[in-house]
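any chance you could fold what I've pasted below:
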Amino acid sequence: MQVVYNEKELQQALEKNIEDIGMEGQIVAKIAPLVGANNTAWCIAMVAITTAFIDSTETVGLGAAVPQSIMAKKDVAGAVDVLGTEATYAAIAIALAAGSIEILEHLRTYRLERRGDNRAILVKR
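Presented below is the predicted three-dimensional model:
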């Protein structure tokens, strides 16, 4: 099992399609709302994040876009309302690292098993 500590490492593990991904540290609190959101909340968040992501990357280019600039977009407010600031920021950081929003849909194919306050495992469904 690969253990990740930040959004970039999680993005890389997701792209490798690893069955079980261990998480330690602050990443656990950031990812829990993404994996645990119900379908309605997920759809609202994805529309908000996708709109802000596309707007930002079309304006400055994918290579120059940073999570802070995308978080500053008004469009992302729906995601912040549903997921919270940290989870929305993590989702944007993962999408930027992957170069695509599609990686977030891949994240939803996992379920979260908590192993303490700052430890968890993402298990492929």
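
from here on, just use CA atoms for contacts and neighbour counts.
OK.

ok now the helix ranked longest in the chain, how far from the chain's centre?
Using DSSP state H, we find that the single longest helix of the chain is helix 39-60. Offset of helix 39-60 from its chain centre (C-alpha atoms, centre = their mean, to the nearest Å): 12 Å.

lowest-pLDDT helix or strand in the protein?
helix 67-71 (a mean of 89; mean pLDDT, DSSP states H and E).

assumed V3 was part of a strand.
Yes. V3 forms part of a strand when assessed by DSSP: H, G, I helix; E, B strand; the rest coil.

pull the distance from stretch 15-32 to the chain's centre.
The answer for stretch 15-32 is 10 Å, by C-alpha atoms, centre = their mean.

SS state for S100?
Reduced to three states by three-state DSSP, S100 is coil.

centroid-wise, who is the farthest residue in the protein?
Distance from the centre of the chain peaks at T59, with 21.6 Å (C-alpha atoms, centre = their mean).

what does whichever strand or helix holds A13 rub up against?
Element membership for A13, per DSSP states H and E: helix 7-15. Defining contact as C-alpha atoms under 8 Å, 6 or more residues apart in numbering, one finds that helix 7-15 is touched by 2, 4, 21, 27, 90, 93-95, 97-98, 103, 106-107.

ok, now with 7 Å
By C-alpha atoms under 7 Å, 6 or more residues apart in numbering, the surrounding residues in contact with helix 7-15 are V4, A90, A93, I94, A97, A98, L107.

list the buried residues in that helix.
E7, K8, E9, L10, Q11, Q12, A13, L14 (16 or more other C-alpha atoms under 10 Å).

may I have it as PDB, with CA atoms only?
Below are the C-alpha coordinates for helix 7-15, written out as PDB (Å, rounded to 0.1, in the frame of the first residue of the first chain):
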ATOM      1  CA  GLU A   7      -2.500  16.300  -2.800                       C
ATOM      2  CA  LYS A   8       0.300  15.800  -5.400                       C
ATOM      3  CA  GLU A   9       1.200  12.400  -4.000                       C
ATOM      4  CA  LEU A  10      -2.500  11.400  -3.900                       C
ATOM      5  CA  GLN A  11      -3.000  12.500  -7.500                       C
ATOM      6  CA  GLN A  12      -0.100  10.300  -8.500                       C
ATOM      7  CA  ALA A  13      -1.500   7.300  -6.600                       C
ATOM      8  CA  LEU A  14      -4.900   7.800  -8.200                       C
ATOM      9  CA  GLU A  15      -3.400   7.900 -11.700                       C
END
